[in-house]
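*Asks:* Sequence and predicted structure are below.
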Protein chains: 2
Amino acid sequence: MTDVPEKKPSRIQTRNRRLILDSALDVFSRDGFGGATLDAIAKGAGLSKPNLLYYFEGKTEIYVTLLSQLLETWLDPLIELDPDGDPVEELLGYVRHKLDMALELPAESKLFAGEILQGAPVIAGYLKDDLKPLFDRKCVVIQDWIDTGRLAPVDPAHLIFSIWSTTQHYADFGTQVSALLDDKSPAKGAHNHLEQMFRRLLAPVNQ
Amino acid sequence: MTDVPEKKPSRIQTRNRRLILDSALDVFSRDGFGGATLDAIAKGAGLSKPNLLYYFEGKTEIYVTLLSQLLETWLDPLIELDPDGDPVEELLGYVRHKLDMALELPAESKLFAGEILQGAPVIAGYLKDDLKPLFDRKCVVIQDWIDTGRLAPVDPAHLIFSIWSTTQHYADFGTQVSALLDDKSPAKGAHNHLEQMFRRLLAPVNQ
DNA sequence: TCGTTGCTTTACCAAATGGTAAAAATTTGA
DNA sequence: TCAAATTTTTACCATTTGGTAAAGCAACGA
């Protein structure tokens, strides 16, 4: 009630905000926040710069909007780690899911990587207030799996870091991966390799 | 002989170029190429902007100089992978070395990451002409180790990607790592975890 | 049909930024 | 010590860039 009524957006608004965000994702992920320009974003969206600023208050608001939308979908797979599922399969499923996201949405991954690389100026609060609690809960779940003997003993936090880094690498360092692999697409090799690596790491020792 | 004689640099030149490059590493790794400004670099070096431009031809030359210096030291550990050493220990040593570099020189790692993230506009040629041949040679070495039964069968290229990504993660995503770990320094946990992970992956199955 | 609202364009602007010219100051070497 | 070479400063400049003002145009409801 203290808030503005906020009429629902018109068809034009929905379309143009979408166009702007799509273009902005391209530009920000390619040039970084500092290197991105409103002109480039406007051009990519097929709008004039003042027209773009009719829909967003400024460069920063576009960037923040992109990041917050991104963070929602980005964490879903981690949230879905099911404490009641089979530990190894749950974690391997998570690896697969993250790798697929990196391969299919590299721009999103790069946008996030760029933000963290620069010290998370925009999402520092999110890391502390939202990501950390979730991360801690999932570490407990993994530790439980270990304590009940269904998972090899690993450091849960560093395990998650390993999953994040190895999967996102195919997006964030995609330029390097492409330059080094003769194979056109790294998808199959990456899937096989990560499956093998994490299965060996996580499979509990038979006793 | 077609080149300029190039007198050796004076003491002042050596000192000031060092100051500039040190400051530039800070600024570029924090703000990215696009976000970095000559004013910020000059201020960090304790020089005026025109003075800075007396030593370097422009922003890009500073950036390129930093990257090329970086690439030299960065690849050393990979070059040193010894075909005649013990395969598992050679690779684990490489992991340790890379992790130490990431922990000790995070700015360098971030600078490189930012460059790749943006499509390697400056070092694309280097990737193709220098890194790729080295990478291919080392893949052959690893494949040899596998073929002679001294290493578990893994995809050499993706193995190297895994080593790079997991180790550099502690530098490039250091902000996130710090936000999520209660522990002050991730060094010990990271070393233990990566040692465990790659040992399990690489140890050949006893027959 | 007309007035209100929503969307777009044109024409700007101030600040920031990469870079330059040239004079002043300093260092160096004979 | 003094002239030549090197280094630093002062005073600029052109372009780019994020952003604004206001007029024009379009859509929509009464």
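*Replies:* That came in fine, so what should we check first?
*Asks:* Tell me the residues of chain A that contact DNA strand D?
*Replies:* A:36-39, A:49-50, A:53, A:57-60 (C-beta under 7 Å from any atom of the strand). For the C-beta atoms, the positions are set from N, CA and C on the backbone; glycine is no exception.
*Asks:* ok, and the most crowded of those?
*Replies:* Ranked by neighbour count (other C-beta atoms under 10 Å in any protein chain shown), the residues of chain A next to DNA strand D have residue A:36 at the top, with 21 neighbours.
*Asks:* can you pull the contacts of that residue?
*Replies:* Applying C-beta atoms under 8 Å, 6 or more residues apart in numbering or on different chains to residue A:36 gives the contacts A:24, A:27-28, A:30, A:59, A:63, B:34.
*Asks:* Over to residue A:158?
*Replies:* Counting by C-beta under 8 Å, 6+ apart, residue A:158 has contacts B:186, B:189-190, B:192-194.
*Asks:* Now do the buried residues in stretch A:65-84.
*Replies:* Under the neighbour-count criterion of 16 or more other C-beta atoms under 10 Å in any protein chain shown, stretch A:65-84 has A:66-67, A:70-71, A:74, A:77-78, A:81 buried.
*Asks:* Which residues outside that stretch are in contact with it?
*Replies:* Contacts of stretch A:65-84 (C-beta under 8 Å, 6+ apart): A:21, A:24-25, A:28, A:56, A:90-91, A:94, A:97-98, A:101, A:108, A:111-112, A:115, A:122-123, A:126, A:130-131, A:134-135, A:138, A:141, A:144, A:160.
*Asks:* rerun at 7 Å
*Replies:* Here stretch A:65-84 makes contact (C-beta atoms under 7 Å, 6 or more residues apart in numbering or on different chains) with A:21, A:24-25, A:28, A:90, A:94, A:97-98, A:108, A:111-112, A:115, A:122-123, A:126, A:134, A:138, A:141, A:144.
*Asks:* Just the buried residues of those residues.
*Replies:* Among the contacts of stretch A:65-84, those classed as buried by neighbour count (16+ other C-beta under 10 Å) are A:21, A:24-25, A:28, A:90, A:94, A:97-98, A:108, A:111-112, A:115, A:122-123, A:138, A:141.
*Asks:* if I look at the residue nearest the centre of chain A, how far off is DNA strand C?
*Replies:* The centroid of chain A falls nearest to residue A:74 when counting by C-alpha atoms, centre = their mean (4.2 Å). Relative to DNA strand C, residue A:74 is positioned 30 Å away (C-beta to the nearest atom of the strand, to the nearest Å).
*Asks:* State the mean pLDDT of the strand or helix carrying that residue.
*Replies:* Using DSSP states H and E, residue A:74 maps to helix A:59-79. Helix A:59-79 carries an average pLDDT of 94.
*Asks:* following that helix, which helix or strand comes up?
*Replies:* Once helix A:59-79 ends, the next helix or strand along the chain (criterion: DSSP H and E) is helix A:87-104.
*Asks:* List the buried residues in that following helix.
*Replies:* Using 16+ other C-beta under 10 Å as the test for burial, helix A:87-104 gives A:87-88, A:90-99, A:101-103.
*Asks:* Which parts of chain A belong to which domain?
*Replies:* Per the record, chain A has its domains at A:1-56, A:66-202, by automatic domain parsing.
*Asks:* Tell me where the model's unsure across chain A.
*Replies:* A:1-8, A:206-207 (pLDDT under 70).
*Asks:* hey, which helix is longest across it?
*Replies:* Determined from DSSP state H, the single longest helix within chain A is helix A:11-35.
*Asks:* Which other helices and strands does it contact?
*Replies:* When contacts are defined as 3 or more C-beta pairs under 7 Å, 6 or more residues apart in numbering or on different chains; DSSP states H and E, helix A:11-35 packs onto helix A:38-45, helix A:49-55, helix A:59-79, helix A:106-117, helix B:11-35.
*Asks:* Relative to the whole chain's centre, how far out is the third one?
*Replies:* Meaning helix A:59-79. 8 Å (C-alpha atoms, centre = their mean, to the nearest Å).
*Asks:* And the shortest one, by the same measure?
*Replies:* In terms of C-alpha atoms, centre = their mean, the centre of helix A:49-55 is found 28 Å from the chain centre.
*Asks:* before we move on, the earlier item: near DNA strand C, list only the ones from the contacts of residue A:36.
*Replies:* The subset of the contacts of residue A:36 within reach of DNA strand C, by C-beta under 7 Å from any atom of the strand, is empty.
*Asks:* Just name the closest of these to residue A:175, please.
*Replies:* Ranked by distance to residue A:175 (C-beta to C-beta), these are led by residue A:30 at 10.8 Å.
*Asks:* I'd assumed residue B:118 was in contact with that closest one.
*Replies:* Yes - Residue A:30 lies in contact with residue B:118 (C-beta atoms under 7 Å); the separation is 6.3 Å.
*Asks:* Going by proximity to DNA strand D, name the top residue of chain A.
*Replies:* When distances are taken as C-beta to the nearest atom of the strand, chain A reaches nearest to DNA strand D at residue A:58, 3.0 Å away.
*Asks:* Can you tell me how far that residue is from DNA strand C?
*Replies:* According to C-beta to the nearest atom of the strand, residue A:58 and DNA strand C sit 13 Å apart.
*Asks:* Residues of chain A that sit close to DNA strand C?
*Replies:* Counting by C-beta under 7 Å from any atom of the strand, the residues of chain A close to DNA strand C are A:7, A:10, A:12-13, A:16, A:47-51, A:54.
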